[in-house]
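Colleague: Dropping the sequence and predicted coords here.
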Amino acid sequence: MTRNILIIVSACLVFAGAFVLKNLPEDKAHHGENTEQSETAALPRLVDLGSDKCIPCKKMAPILDNLAKQYQGSMVVDVIDIKKDPAAGEPWNIRVIPTQVFIDASGTELFRHEGFISQEAILAKWQELGFEFEITQPVEAI
């Protein structure tokens, strides 16, 4: 009888373990991209690393929002708050915040800028790097 109980308990544990493993989130580095990321993977990206506590970063926020809206579908704008999520900033090896990283559609880093940068300077740098973006969603100038 004790043996039968052990077999039943063991079987329950195996099924529970299989259920838990099946429902674990996938590894973000390999399979965890959400649909939006998959759809925008072939677009150039501007990655801004900063913090909502940093004054130049606060000045950058409306510029980055504006760029993300105006050039949606042409360019991806990612904002990473390294104070709230330090691990997200580690792969970027940044020295100061804010830092903006210009990345082509294949994922190659093209340029880095440290400190505040205006929308005009961002667009001029993209142009210098060989990218021309058309406004897809008009937004008020900053």
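Modeller: Done, it's in. Numbering: from 1, shown residues only.

Colleague: can you pull out the strands in the chain?
Modeller: 45-50, 76-81, 99-103, 109-114 (DSSP state E).

Colleague: In terms of secondary structure, what does the last one contact?
Modeller: What it means is strand 109-114. Contacts of strand 109-114 with other secondary structure elements, assessed using 3 or more Cβ pairs under 8 Å, 6 or more residues apart in numbering; DSSP states H and E, are made with strand 99-103. All C-beta atoms are positioned from the backbone trio N, CA, C, and that covers glycine.

Colleague: sorry, back to before: how about the strands of the chain in TSV, adding mean neighbour count?
Modeller: Converted to TSV, the strands of the chain look like this (neighbours: other Cβ atoms under 10 Å):
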stretch	mean neighbour count
strand 45-50	21
strand 76-81	19
strand 99-103	21
strand 109-114	14
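
Colleague: Tell me which residues are up against stretch 133-142.
Modeller: Contacts with stretch 133-142, where a contact means Cβ atoms under 8 Å, 6 or more residues apart in numbering, come from 62-63, 66, 69-75, 119, 123, 126.

Colleague: Of those, which belong to helices?
Modeller: Here DSSP state H is the test, and these give 62-63, 66, 69-70, 119, 123, 126 as lying in helices.

Colleague: quick one: low-confidence parts of this protein?
Modeller: Where the chain drops to pLDDT under 70, the residues are 1-41, 140-142.

Colleague: one more time with 90, if that's ok
Modeller: 1-41, 133-142 (pLDDT under 90).

Colleague: Specify the beta-bridge partners of Glu114.
Modeller: Thr99 (DSSP bridges).

Colleague: who are the neighbours in contact with it?
Modeller: With contacts defined as Cβ under 8 Å, 6+ apart, the neighbours of Glu114 are 94-96, 98-99.

Colleague: Show the buried residues in these.
Modeller: 94, 98-99 (16 or more other Cβ atoms under 10 Å).

Colleague: how near is Ile63 to Gly50?
Modeller: Distance of Ile63 to Gly50, computed by Cβ to Cβ, to the nearest Å: 12 Å.
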